[in-house]
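Chemist: structure for the following, please:
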Amino acid sequence: MSKAGIKGCAVCECLQEIPCNPCVSACKVGAITMESLTSLPHIDESKCIGCKTCVAACSGQAIFFIAEDSDCDAAYITFPYEYLPLPKEGQIVTAVDRMGQPVCEAVTETVEKRKAFNKTVLVTLKVPSEFKDEVRFMKRLER
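Modeler: Residues are numbered from 1 along each chain as shown. Predicted structure coming up:
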């Protein structure tokens, strides 16, 4: 996903003003800051390098990575996925919103397991750009 037409950034949708800051610690470039331990995180888009470590580090699953491909009117939504079975790359799945309601069909672009993610698996879905602000997860796969 590092093609010329694709631009992305971490997006924080944290609503809890509680003592929590693993996203700040995970961000090695200082793109995520907080005024205090209980304030909401702020992401400086100009500093975000797209490593997605903050997505894996957020215990509240409140950080996502959203990238848009202007060349094909598609968006890529990356989120932590903690269920089995894991989706397979290229698999068609149902993308859902914050409340778990179906939004659209999506294609599993990547399933990432990196040492830096501390055993958290990140799934990236490719969805039509018009749904980039709605899609936040996928319907759990049947065993």
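Chemist: roughly how far apart are Met34 and Ser25?
Modeler: Separation of Met34 from Ser25 (Cβ to Cβ, to the nearest Å) stands at 11 Å. Backbone N, C-alpha and C define where each C-beta goes, glycine included.
Chemist: which ones are touching the spatially most central residue of the chain?
Modeler: With distances taken as Cα atoms, centre = their mean, Phe64 lies nearest the centre of the chain, 2.6 Å away. For Phe64, the contacting residues are 10-11, 13, 55, 77-79, 136, by Cβ atoms under 8 Å, 6 or more residues apart in numbering.
Chemist: the top strand by length along the chain pairs with which strands?
Modeler: As far as residue count goes, and with DSSP state E defining each element, the longest strand of the chain is strand 102-112. Paired strands of strand 102-112, with direction, are strand 92-96 (antiparallel), strand 121-128 (antiparallel) (DSSP bridges).
Chemist: could you dump those strands to TSV with distance to Cys72 and mean pLDDT?
Modeler: Below are the strands paired with strand 102-112 laid out as TSV (distance: least, Cβ to Cβ, whole Å; pLDDT from 0 to 100):
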stretch	distance to Cys72	mean pLDDT
strand 92-96	17	98
strand 121-128	9	97
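Chemist: out of the ones you listed, flag the one nearest Leu40.
Modeler: strand 121-128 (22.2 Å; Cβ to Cβ).
Chemist: give me the contact list for the helix or strand that the closest one is followed by.
Modeler: Proceeding C-terminally, strand 121-128 gives way to strand 137-138 as the next helix or strand, assigned by DSSP states H and E. Around strand 137-138, the neighbours that count as contacts under Cβ under 8 Å, 6+ apart are 79, 81, 87, 93-98, 100, 106, 108, 123, 125.
Chemist: now which of those would you call buried?
Modeler: Neighbour-count burial within the contacts of strand 137-138 applies to 79, 81, 87, 93-96, 106, 108, 123, 125; the criterion is 16 or more other Cβ atoms under 10 Å.
Chemist: now these in a markdown table, with distance to Cys51?
Modeler: Listed next are those as a markdown table, based on distance: Cβ to Cβ, whole Å:
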| residue | distance to Cys51 |
| --- | --- |
| Phe79 | 15 |
| Tyr81 | 18 |
| Pro87 | 22 |
| Val93 | 24 |
| Thr94 | 28 |
| Ala95 | 23 |
| Val96 | 25 |
| Ala106 | 23 |
| Thr108 | 20 |
| Val123 | 16 |
| Leu125 | 19 |
